[in-house]
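Sequence unavailable; structure follows:
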């Protein structure tokens with residue numbers, strides 16, 4: 001079993017396999033839909049794999065649905081297109097630190113220069129992991 005996964009693949013392997021199975025455009029569309037607030041079990045499962053998203057559709061209220069945006073951004077790490085820039089910029093100001101952290105990782109990986117101002121603002125974030133991700137992103141952007 002792959003490290004970091006209960007279903008046998010890493011997040012990268014799963015997203016890459018989804019891109020092969022359904023096409024990169026479809027995976028990208030799922031990521032963007034989640035970042036815009038659209039949710040349904042099939043969409044989430046396509047990005048997380050089986051067993052992860054089902055709890056969110058049990059009829060109960062959940063306070064941790066920020067994970068939808070985290071998973072969408074993680075998908076963008078491995079299924080990138082510049083059409084996601086505005087969504088990533090918005091995610092850098094999200095109320096959840098995990099979303100901000102993952103958005104900074106996307107900026108670093110894909111050198112999203114358009115988001116440099118928002119990333120610079122994260123250098124004052126109250127969460128150390130967000131500040132660290134922002135610093136890495138700024139370093140990567142400055143090396144380009």
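Looks like it arrived, so ask away. Nothing here was measured: the structure is a model prediction, and the numbers come from that model.

Which of the helices or strands spans the most centrally placed residue in the chain?
Taking CA atoms, centre = their mean, the centroid of the chain lies closest to residue 73, which sits 1.3 Å from it. Here residue 73 sits within helix 66-78, counting by DSSP states H and E.

Tell me the spacing between the residue of the chain most remote from its centre and residue 34.
Largest separation from the mean C-alpha position in the chain: residue 59, at 24.7 Å (CA atoms, centre = their mean). Applying CB to CB, to the nearest Å, the value for residue 59 to residue 34 is 20 Å. For the C-beta atoms, the positions are set from N, CA and C on the backbone; glycine is no exception.

Contacts for the lowest-mean-pLDDT helix or strand in the chain, please.
Within the chain, no helix or strand scores below helix 41-48, which has a mean of 75 by mean pLDDT, DSSP states H and E. If you take CB atoms under 8 Å, 6 or more residues apart in numbering as the criterion, helix 41-48 is touched by 14-15, 18, 22, 27, 30-31, 33-34, 52-54, 56-57, 68, 71-72, 74-75.

tell me what the helix holding residue 73 is packed against?
Here helix 66-78 touches helix 11-22, helix 24-35, helix 41-48, helix 85-91, helix 97-110, going by 3 or more CB pairs under 8 Å, 6 or more residues apart in numbering; DSSP states H and E.

out of the ones you listed, which comes closest to residue 63?
Comparing the helices and strands packed on helix 66-78 against residue 63 with CB to CB, the closest turns out to be helix 97-110 (13.0 Å).
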